[in-house]
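*Asks:* my questions concern the predicted model and sequence given below.
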Amino acid sequence: MTAASVAERPYTVLSCAMSMDGYIAGAAGKPLPLSNAADFDRVDAVRAACDAILVGAATVRSDQPRLMLRSSARRNERLARDLPPSPMKVTVTGGGWLDALATFFATGDTAKVVYCASPVVHEVSERLGSVATVIDGGQPVSMQWVSEDLYRRGVERLMVEGGQSIHTQFLTGELADELHLAVAPFFVGDSTGRRFVGDGRFPWHPGRRATLAEVRQLGDVALLRYALSPRFRGEPLEEV
Ligand SMILES: NC(=O)c1ccc[n+]([C@@H]2O[C@H](COP(=O)([O-])OP(=O)(O)OC[C@H]3O[C@@H](n4cnc5c(N)ncnc54)[C@H](OP(=O)(O)O)[C@@H]3O)[C@@H](O)[C@H]2O)c1
């Protein structure tokens, strides 16, 4: 990748909470209480410093995430900088099965963007056009193209919050600059659950180790912060 092309996508932070055996959801997709209060607050601070938060459509459907800042102080700080109170929300879909009443769309006075595969653009625009900007992402939708398009729309800092499919694509596509892995102190032990990533050719392997930039204890949760690209900025987490 050339220096010029590196600059054409947002600085990208992947964020994930997982069990000690790497699960991000329980058996058959059951939600897991992975984070604790201190870790939720850390995630809130990271969100506050981003222009957009991206999750996959399966997460929109199963978790019904709000993806809004919890802290009123952080919302007010953003408003004082002429930013919306919470970052833009972004999702990606191939099949288009997204409901306009989903919490993702129904909450927050902030822009919502849906990248969808070309064959379903028309149908998705009709269903979601009043609650989101629907963008033809091609067929198939590539996360590189999505990243570059978000950058063109003014997103300089992107937070990617999963799930497995999305994290796998950002990592294998070398589209992440840093990774925040919060490890909760328990096991799931059931392979019907979802793990952090699926199969793929990851740029980090025994012959090319990622850089561990920080380890932090947040109560019973361990935060591991990895630098994944030469663009890694390494600001203290309180300031990102
Ligand atoms: N612990 C955590 O930090 C955390 C965070 C987030 C989610 N989760 C968990 O992760 C699980 C969901 O993970 P997941 O891997 O099943 O789903 P996901 O990554 O959230 O979303 C996958 C969906 O996104 C769409 N998509 C992904 N890549 C695409 C592409 N290139 N082109 C078009 N559409 C694309 C597809 O939507 P369509 O099906 O609509 O085509 C696909 O089914 C849930 O159990 C959730 O609870 C955990």
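*Replies:* That came through, no problem.
*Asks:* hang on, Leu98 in a strand?
*Replies:* No - looking at Leu98 with DSSP: H, G, I helix; E, B strand; the rest coil, it is coil, so not inside a strand.
*Asks:* state the distance from it to Gln139.
*Replies:* Relative to Gln139, Leu98 is positioned 17 Å away (C-beta to C-beta, to the nearest Å). Glycine gets a C-beta too; all of them are placed from N, C-alpha and C.
*Asks:* comparing those two, which shows the higher neighbour count?
*Replies:* Neighbours per residue (other C-beta atoms under 10 Å) separate Leu98 from Gln139, with Leu98 holding more: 23 against 13.
*Asks:* that one touches Val131, doesn't it?
*Replies:* No - at 9.7 Å, Leu98 does not count as touching Val131 under the criterion of C-beta atoms under 8 Å.
*Asks:* close to the ligand: what parts of the chain are there?
*Replies:* Residues of the chain lying close to the ligand by C-beta under 6 Å from any ligand atom are 16-17, 24-25, 29, 31, 34, 55-59, 62-63, 92-95, 97, 117, 140-141, 161-166, 169, 194.
*Asks:* neighbours of Asn36, how many?
*Replies:* 17.
*Asks:* narrow the residues of the chain next to the ligand to those that are buried.
*Replies:* 16-17, 24-25, 34, 55-59, 63, 92-94, 117, 141, 161-166, 169, 194 (16 or more other C-beta atoms under 10 Å).
*Asks:* how close does Ala17 get to His122?
*Replies:* Going from Ala17 to His122 by C-beta to C-beta gives 36 Å.
*Asks:* for this protein, what helix or strand is lowest in average pLDDT?
*Replies:* In the chain, the helix or strand scored least confidently by mean pLDDT, DSSP states H and E is helix 3-6, which has a mean of 44.
*Asks:* tell me the first helix or strand C-terminal of that one.
*Replies:* As assigned by DSSP states H and E, the chain's next helix or strand after helix 3-6 is strand 11-18.
*Asks:* helices or strands up against that following strand?
*Replies:* If contacts are counted by 3 or more C-beta pairs under 8 Å, 6 or more residues apart in numbering; DSSP states H and E, strand 11-18 sits against helix 37-48, strand 157-160, helix 164-172, strand 178-183.
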